[in-house]
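[1] Curious how this folds, go ahead:
(chains A and B)
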Amino acid sequence: MNIANHHEQAVDAAQKIGSVSNRYAVELQAASVVFGKGAEAVTALSPTSLKMDAGDFVALVGPSGCGKSTILRLVSNLIQPSSGVVLVGGREAAAKQLRIGMAFQNPTMLPWLTIEQNVMMPLKIVPPFKTTFYKDRKGAFRDRVHNLLEQVGLKDFASHFPWQLSGGMLQRSNLCRALIHEPDLLLLDEPFGALDQFTREELWQILQDLYLDRKPTVLLVTHDLREAGFLAKRICVMSARPGRIISDETVNIPQPRDIGMIYSSEFVEMTQGLRELIAQVRK
Amino acid sequence: MTENTRIRMMSFSLIFGFFLMWEVLCVLLNVSDLVLPRPSEILVTLWVKFPILLPHILQTLYSTLTGFVLGVIIGTALGVMVGTSKVAYAVAYPLLVGFSSIPKVAVVPIFVLWFGSGTTPAILTAMVICVFPIVVNIATGLATTEPDLEDVLKTLGASKSEILWNVGLPRTMPYFFAALKVAITLSFVGAVLSETVASNRGIGNVMMTASSNFQVSLVFAGLIILALLGVALYALFSWLERRVTGWATRGNDITIT
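    Purely as a prediction, here's the structure:
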């Protein structure tokens, strides 16, 4: 136990220096998820393997109910695999506290806290920030939150409550909360699903900037093929339930990408190809 | 704001009208003040007897509030235990419902048997009577917390107690205050009940003694005092509730825009 703790401290220290090799690479080795037992068992995910390098940006697309979100929940350790192994940073996800940022489709802001307090929440929970939370929450941490809110255009809404904000604003706050503790692994579960096209494209660009800024490992679940194509370095297509990955393609467009690009013939061709693939597996 | 003032005015006129009607009917129908004294008589009695009544008022307040505070502490602890664990919820619920179905009048003699008459049974009755609504509300609040909200903290690696403090308990506050408002009035009922049966102090005892001496207006004066105290404490907790759980009602007083 002591040795493990010691190792964790060493890893944390290395992360603080910014050593890329210690960041979270993600690996699923034939991981499957079955809910329930016996006759009522439901297979949510067939044995699936997926490998992501540190700093990679992978988009998972596929028909609804195929287990995309299940993969995210596996990686974030909200659920455990029924068989197989999930490795994050070279160790089983359950084995240590991970510094993960996660944003769900539903913004899930805590309604009794202001936007500032909501975005600050990870700093209250995640080490090493939590040790100085009560000292820094009115100083350094608040500045940090305000800087991030300013980047997404929410500077003036820090002291508002969630119900006073529009859906798009809540999703921006959601993104900020996922990023405030500088996670090395960012898990996004259809975070822009419920937004209009313009807000969505705007947030894609914000996310791209934030990604290129710190290069965390990102796993994005989406059903929007243009979103996947615009943001990701790799696109994995999943089959219908019980899902598994049937295609893994690299997007050969250098980053940062321009939003106008999604209307180029090259891009349309790529998304068309993905679309046909998903249309086939839906049957 | 004008809407609010109007509602307050109407509320006040309703109360005033009620007493006016009472007064008028008593005079018109020539009701004996041994049956139903007129409000004006009650007011006079209240005024004249107030110095004698004051220690009893304080006594009842003391029993009620002590019992209430104990009830809140015990109720909250039990509620957290029952609400955070599905097993505890299923196991403890039948017992809790059983306890709550016992008429609380029935437990007063038992407390008197154990602790003698006086303040102790009043406090205990006030406590016992207000525990259940608090347990149920806290447990319900915790058990119905949206898993999404908890997942936010779980992915950050939060411990069970961190989730309880940062999500479960704040989320439960509206339920808690709803329970407090019910509990404070119930505590009054409990304390006065016990005082009427077994005490030589407190408003309950005053009313009991007054009624056996046919001082009917004093009995009613006691009722008025109890009603006023109840309203005052209820208002206090309503005010606290608005301060603490404004987010749930989206009250205008916390809007910043």
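
[2] does residue A:187 belong to a helix or a strand, and which?
    strand A:185-189 (DSSP states H and E).

[3] is that strand anywhere near chain B?
    Yes. Using C-beta under 8 Å from any C-beta of the partner chain, strand A:185-189 comes into contact with chain B via residue A:187. Backbone N, C-alpha and C define where each C-beta goes, glycine included.

[4] List the buried residues in the helix or strand just after that strand.
    Later in the chain than strand A:185-189, the nearest helix or strand by DSSP H and E is helix A:197-214. The neighbour-count check on helix A:197-214 (16 or more other C-beta atoms under 10 Å in any protein chain shown) flags A:199-204, A:206-208, A:210-211 as buried.

[5] Same check on stretch A:46-61?
    Buried residues in stretch A:46-61 (16+ other C-beta under 10 Å): A:46-48, A:50, A:52, A:54-61.

[6] how many neighbours does residue B:8 have?
    For residue B:8, the neighbour count with other C-beta atoms under 10 Å in any protein chain shown is 10.

[7] And for residue B:159?
    Residues within reach of residue B:159, counting by other C-beta under 10 Å, total 12.

[8] Equivalent analysis for residue A:137, please.
    17.

[9] got the contact list for it?
    Contact partners of residue A:137, counting by C-beta atoms under 8 Å, 6 or more residues apart in numbering or on different chains, are A:120, A:123-124.

[10] swap the cut-off to 10 Å and go again
    Applying C-beta atoms under 10 Å, 6 or more residues apart in numbering or on different chains to residue A:137 gives the contacts A:116-117, A:120, A:123-124, A:129, A:145.

[11] just to confirm, which helix or strand has residue A:246 in it?
    Using DSSP H and E, residue A:246 sits in strand A:245-250.

[12] Remind me what that strand packs against, helices and strands.
    Packing partners of strand A:245-250 (3 or more C-beta pairs under 10 Å, 6 or more residues apart in numbering or on different chains; DSSP states H and E): strand A:42-52, strand A:57-61, strand A:234-238, helix A:265-282.

[13] Let me know which of the ones you listed is the nearest to chain B.
    Chain B sits nearest to strand A:42-52 of all the helices and strands packed on strand A:245-250, at 16.1 Å, using C-beta to the nearest C-beta.

[14] Residue numbers of the stretch 51-200 of chain B in contact with chain A?
    Within the stretch 51-200 of chain B, the residues that sit near chain A (C-beta under 10 Å from any C-beta of the partner chain) are B:146-159, B:162-163, B:165-167, B:170-171, B:173-174.

[15] Output the below-cut-off pLDDT ranges for the stretch 101-250 of chain B.
    B:250 (pLDDT under 70).

[16] and the gap between the closest residue in space to residue A:270 that isn't next to it in sequence and chain B?
    Residue nearest to residue A:270 in three dimensions, not counting chain neighbours: residue A:229, with 5.8 Å by C-beta to C-beta, 6 or more residues apart in numbering or on different chains. With distances taken as C-beta to the nearest C-beta, to the nearest Å, residue A:229 is found 27 Å from chain B.

[17] So residue B:219 is in contact with residue B:205, correct?
    No. Residue B:219 is beyond contact range of residue B:205, at 11.8 Å (criterion: C-beta atoms under 10 Å).

[18] which one of these two has more residues nearby?
    More crowded of residue B:219 and residue B:205, by other C-beta under 10 Å: residue B:205, with 23 against 20.

[19] Please settle this for me: is that one part of a helix?
    Yes. Under DSSP: H, G, I helix; E, B strand; the rest coil, residue B:205 sits within a helix.

[20] was I right about it contacting residue B:196?
    Yes. The pair residue B:205 / residue B:196 is scored as a contact, 6.6 Å apart, by C-beta under 10 Å.

[21] next structured bit after whichever strand or helix holds residue B:3?
    Assigned by DSSP H and E, residue B:3 falls within helix B:2-28. Next helix or strand after helix B:2-28 toward the C-terminus (DSSP H and E): helix B:39-84.

[22] how many neighbours does residue B:230 have?
    By the criterion of other C-beta under 10 Å, residue B:230 has 16 neighbours.

[23] residues contacting it?
    Per C-beta under 10 Å, 6+ apart, neighbours of residue B:230: B:64, B:184-185, B:187-189.

[24] give me that answer again for 7 Å
    B:185, B:188 (C-beta atoms under 7 Å, 6 or more residues apart in numbering or on different chains).

[25] Setting aside sequence neighbours, what's the nearest residue to whichever residue of the stretch 1-150 of chain B sits closest to chain A?
    Residue of the stretch 1-150 of chain B nearest chain A, by C-beta to the nearest C-beta: residue B:148 (4.7 Å). The shortest distance from residue B:148 to any non-neighbouring residue, by C-beta to C-beta, 6+ apart, is to residue A:108 (4.7 Å).

[26] okay, now the one you found: neighbour count?
    So residue A:108, with other C-beta under 10 Å, has 21 neighbours.

[27] Give me the phi and psi for it.
    Backbone dihedrals for residue A:108, given as degrees, to the nearest 10, come out at phi 40, psi 40.

[28] and what of residue A:166?
    phi -80, psi 170.

[29] Based on its surroundings, how many neighbours for it?
    11.

[30] okay, the residue nearest the centre of chain A: pLDDT?
    What sits nearest the mean C-alpha location of chain A, by C-alpha atoms, centre = their mean, is residue A:187, with 1.7 Å. pLDDT for residue A:187: 91.

[31] Return the residues in contact with it.
    Under the criterion of C-beta under 7 Å, 6+ apart, the neighbours of residue A:187 are A:72, A:75-76, A:100, A:102, A:219.

[32] let's see 8 Å
    Going by C-beta under 8 Å, 6+ apart, the list of residues near residue A:187 reads A:72, A:75-76, A:100-103, A:178, A:218-219, B:155.

[33] Mind putting these into a markdown table with distance to residue A:274?
    Shown next, in a markdown table, are these (distance: C-beta to C-beta, whole Å):
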| residue | distance to residue A:274 |
| --- | --- |
| A:72 | 19 |
| A:75 | 22 |
| A:76 | 25 |
| A:100 | 27 |
| A:101 | 26 |
| A:102 | 25 |
| A:103 | 23 |
| A:178 | 25 |
| A:218 | 18 |
| A:219 | 17 |
| B:155 | 28 |
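
[34] Considering the residues you listed, which is situated nearest to residue B:3?
    Comparing the contacts of residue A:187 against residue B:3 with C-beta to C-beta picks out residue A:103 as the nearest, at 40.7 Å.

[35] what's around that closest one, how many residues?
    Count around residue A:103 with other C-beta under 10 Å applied: 26.

[36] Then residue B:160?
    By the criterion of other C-beta under 10 Å, residue B:160 has 11 neighbours.

[37] How about residue A:180?
    Counted with other C-beta under 10 Å, residues neighbouring residue A:180 total 23.

[38] Which positions within stretch B:88-104 qualify as buried?
    B:89, B:92, B:96, B:104.

[39] One more: stretch A:268-283?
    Using 16+ other C-beta under 10 Å as the test for burial, stretch A:268-283 gives A:270-271, A:274, A:277-278, A:281.

[40] and what of stretch A:27-38?
    By 16+ other C-beta under 10 Å, the buried positions in stretch A:27-38 come out as A:27-28, A:31-33.

[41] Sitting in strands, which of the residues you listed do you find?
    For the buried residues of stretch A:27-38, the ones inside strands are A:27-28, A:31-33, with DSSP state E as the criterion.

[42] would CSV of these with pLDDT and distance to chain B be doable?
    Listed next are those as CSV, based on pLDDT from 0 to 100; distance: C-beta to the nearest C-beta, whole Å:
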residue, pLDDT, distance to chain B
A:27, 87, 19
A:28, 87, 17
A:31, 87, 18
A:32, 87, 21
A:33, 88, 16
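
[43] just those now: which is nearest residue B:46?
    For these, the nearest to residue B:46 is residue A:33 (70.9 Å; C-beta to C-beta).

[44] I'd say that closest one and residue A:67 touch.
    Yes. If you go by C-beta atoms under 8 Å, residue A:33 and residue A:67 touch, sitting 7.3 Å apart.

[45] Appreciated, that's everything.
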